[in-house]
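Asks: Structure for the following, please:
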Amino acid sequence: MEYINIFVKAIFIENMIFAYFLGMCSYLAVSKTVKTGVGLGAAVIFVLGFTVPVNYLLENYILKEGALSWLGPQFATMDLSFLSFIMFIAIIASMVQLVEMVVEKFAPALYSSLGIFLPLIAVNCAILGGALFMQERQYSNIGEATVFGLGSGVGWFLAIVAIAAIREKIRYSNVPAPLRGLGITFIITGLMGIAFMSFMGIEL
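Replies: Below is the predicted model:
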């Protein structure tokens with residue numbers, strides 16, 4: 001039940017886009033078509049689902065104060081938490097590099113349409129945000145951290161696919177000239193954020 005609670009909260013209540021506005025640069029730039037939105041969203045799910053639990057293990061068995069006690073009593077007081085940021089980013093960057101290689105190999109059309117925004121997942125604040133939220137919330141086991149990572153990825157995926165579908169349809173609408181492009185996209189994103197706030201009443 002706790003896993004379901006974490007998963008649903010990560011998707012709807014604590015959505016990376018609509019609750020924290022993390023990852024907005026990729027969200028706005030790659031959401032012009034549903035195809036590219038689905039491709040980038042799937043990559044984000046994969047990267048978050050992998051890096052959050054790996055960073056959880058890194059945090060709890062290497063970086064945190066006393067985490068190295070398994071090596072011996074002389075390491076029980078060692079604190080490497082000052083390395084958290086750089087180690088989290090290193091894990092994320094290596095995972096993104098793997099995703100980039102796989103997409104380029106098996107989906108070259110998607111790779112070219114995503115352009116620079118695929119490698120930029122490495123500096124996507126939603127990905128680092130997932131690791132830092134995991135650190136802040138101190139999940140009790142790796143299962144909870146994994147579910148949180150996957151839920152956050154699914155929430156980001158839903159956000160970018162939803163806005164991409166709306167942007168595809170809105171091309172045929174009579175949008176006032178000053179609001180065309182990013183203007184109307186920001187307005188729609190704000191309205192979707194307000195809509196997602198209605199999920200805050202869910203109790204699991």
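Asks: What is the helix or strand that contains Gly190 packed up against?
Replies: Per DSSP states H and E: Gly190 is located in helix 182-197. Contacts defined by 3 or more C-beta pairs under 8 Å, 6 or more residues apart in numbering; DSSP states H and E place helix 182-197 against helix 24-29, helix 142-170. All C-beta atoms are positioned from the backbone trio N, CA, C, and that covers glycine.
Asks: ok, of those helices, where does mean pLDDT dip lowest?
Replies: Mean pLDDT is lowest for helix 24-29 among the helices and strands packed on helix 182-197, at a mean of 88.
Asks: quick one: that one to chain centroid distance?
Replies: 12 Å (C-alpha atoms, centre = their mean, to the nearest Å).
Asks: residues in contact with it?
Replies: 17, 40, 117, 120-121, 124, 156, 159-160, 163, 182, 185, 189 (C-beta atoms under 8 Å, 6 or more residues apart in numbering).
Asks: next helix or strand past that helix?
Replies: helix 34-58.
Asks: low-scoring stretches of the protein, by residue?
Replies: Filtered on pLDDT under 70, the chain yields the residue ranges 202-204.
Asks: that older thread, relative to helix 142-170, how tilted is the helix holding Gly190?
Replies: Orientation check (axes from the mean of the first three to the mean of the last three C-alpha atoms, to 10 degrees): helix 182-197 against helix 142-170 gives 140 degrees.
Asks: what's in contact with helix 182-197?
Replies: 12-13, 15, 17-19, 21, 27-28, 31, 159, 162-163, 166-167, 170, 175, 179.
Asks: before we move on, what about stretch 129-137?
Replies: So stretch 129-137 is in contact with 14, 16, 20, 22-23, 48, 51-52, 55-56, 59, 84, 88, 91-92, 145, 148-149, 152-153, going by C-beta under 8 Å, 6+ apart.
Asks: Can you say which of the helices and strands packed on helix 182-197 is nearest to Ser112?
Replies: helix 24-29 (14.8 Å; C-beta to C-beta).
Asks: ok, for Glu65, nearest residue in space, not its chain neighbours?
Replies: Asp79 (3.9 Å; C-beta to C-beta, 6 or more residues apart in numbering).
Asks: Including mean neighbour count, could the helices and strands packed on helix 182-197 go into TSV?
Replies: Below are the helices and strands packed on helix 182-197 laid out as TSV (neighbours: other C-beta atoms under 10 Å):
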stretch	mean neighbour count
helix 24-29	19
helix 142-170	22
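Asks: With distance to Ala131 as extra columns, can I get the ones you listed in CSV?
Replies: Rendered in CSV, the data for those read as follows (distance: least, C-beta to C-beta, whole Å):
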stretch, distance to Ala131
helix 24-29, 17
helix 142-170, 9
